[in-house]
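Chemist: Pasting the sequence and the predicted model now:
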Amino acid sequence: MQIFQLQCFLSIAECRSFTEASYQLSISQSSLSKHISKLEDEFQVQLFDRSKRQLALTSAGEDFLIYAKNAFSEYQAIRSRLLEYNSGGAIRIGSVDHMGKVGLTTPIAQFMEKFPEGSIQIDIKKSQSTQVIEWLLLGNTDIAFTAHIKDPVSGVSNFDAYDLSDYYINTLLRDEYHAIVPASHPLASREEIRWEDLADEKLVILDKSNSVNALIRNAFLSRNMNPHIVFECNQVDALLGMAASGFGISFLSSRIASTSYNIKRVRIQDSLTRDTCMIVPRESMLRHKLIYRFVRYIESWYESQGENTV
């Protein structure tokens, strides 16, 4: 059994799809299938039930998943610890999508350029904001770049379910959610609207895999309104396209909604805020020089850009 075979198995188990896992791992689907076949041949069990419409783990696969997660996590911990003895090292990052739109790709690339080629490794995996936090709490990543979404009126946020008292948190970029309306819509000419102005509008929003979904619903319900949600998905481009075509109004943060679509971003009074945050275990800041240097570099880059504003 090889470490990469474990990684292949875990990726498929997470995605429930060989196709999606092959994209995630940047290998061909046929190569991915061969790695899984070797695992199944070694243990003489079938790990995935391929007969159903939705790929599923077999009973053996469910048991193996527990051990695979632990083994892969232990490998990553050992690898990171031993790399501290080299001049470089490795940093595992969990991040929300749209890294480029919130400016993260540039400082990460510039930081890597300060080291001899190949002396440091930065691994990045992306998901929704809550998943990124969970990876960090489980020790699967060293640093989280995630969105802190908050309703300024109720004070409810997507961080409420987590104890982050032992973590260093820095807000790199402040943003807020806007109503995304067709350019021809009557609300497009307004500089600012209220939530009540959207009471009778058809809404197209990010689905429940994204924590903003519950906060949007809560914003309406707290104002004694039932949101008229007609479509949900996890693709920003799809929502922008639907808004541009006049199918419905969406909610996206100002920076994420930067687009060539024929839409208008309209500010909402008492809107949800979306802060891009960097979260790091305080212990890691003290023990790992490379992580400490990386964190300080990211902070100084955003400060130099004057990015900490809406």
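Modeler: Structure received.

Chemist: Give the residue farthest from the middle of the protein.
Modeler: No residue in the chain sits farther from the centre than Gln44, which is 36.0 Å out by C-alpha atoms, centre = their mean.

Chemist: What does it show for phi and psi?
Modeler: Torsion angles at Gln44 (phi, psi; degrees, to the nearest 10) stand at phi 60, psi 40.

Chemist: quick one: contacts of the helix or strand harbouring Ala244?
Modeler: For Ala244, the host element (DSSP states H and E) is helix 236-245. Applying C-beta atoms under 8 Å, 6 or more residues apart in numbering, the contact partners of helix 236-245 are 97-98, 180-183, 204-206, 231, 233, 248-250, 252, 256-257, 259, 261-263. Where C-beta positions appear, they are placed from N, C-alpha and C, glycine not excepted.

Chemist: Select only the buried ones of those residues in PyMOL?
Modeler: Buried subset of these, written as a PyMOL selection, criterion 16 or more other C-beta atoms under 10 Å:
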select buried, resi 97+98+180+181+182+204+205+206+248+249+250+252+256+257+259+261+263
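
Chemist: Each with direction, which strands does the helix or strand containing Met278 pair with?
Modeler: Applying DSSP H and E as the criterion places Met278 in strand 273-281. Sheet pairing of strand 273-281 (DSSP bridges) gives strand 143-150 (antiparallel), strand 167-182 (antiparallel).

Chemist: show me where pLDDT drops low in the stretch 51-200 of the chain?
Modeler: By pLDDT under 70, the low-scoring segments of the stretch 51-200 of the chain are 79-88.

Chemist: Could you pull out the helices in it for me?
Modeler: With DSSP state H, counting those that start in this stretch, the ranges of helices along the stretch 51-200 of the chain come out as 59-83, 105-112, 129-137.

Chemist: Equivalent analysis for the stretch 201-310 of the chain, please.
Modeler: Going by DSSP H, counting those that start in this stretch, the stretch 201-310 of the chain shows helices at 212-221, 236-245, 282-287, 289-305.

Chemist: Tabulate those helices in JSON lines, adding columns for mean pLDDT and distance to Ser11.
Modeler: Compiled in JSON lines, the helices of the stretch 201-310 of the chain are given as follows (pLDDT from 0 to 100; distance: least, C-beta to C-beta, whole Å):
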{"stretch": "helix 212-221", "mean pLDDT": "94", "distance to Ser11": "25"}
{"stretch": "helix 236-245", "mean pLDDT": "92", "distance to Ser11": "23"}
{"stretch": "helix 282-287", "mean pLDDT": "88", "distance to Ser11": "25"}
{"stretch": "helix 289-305", "mean pLDDT": "90", "distance to Ser11": "25"}
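
Chemist: Cool, thanks, talk later.
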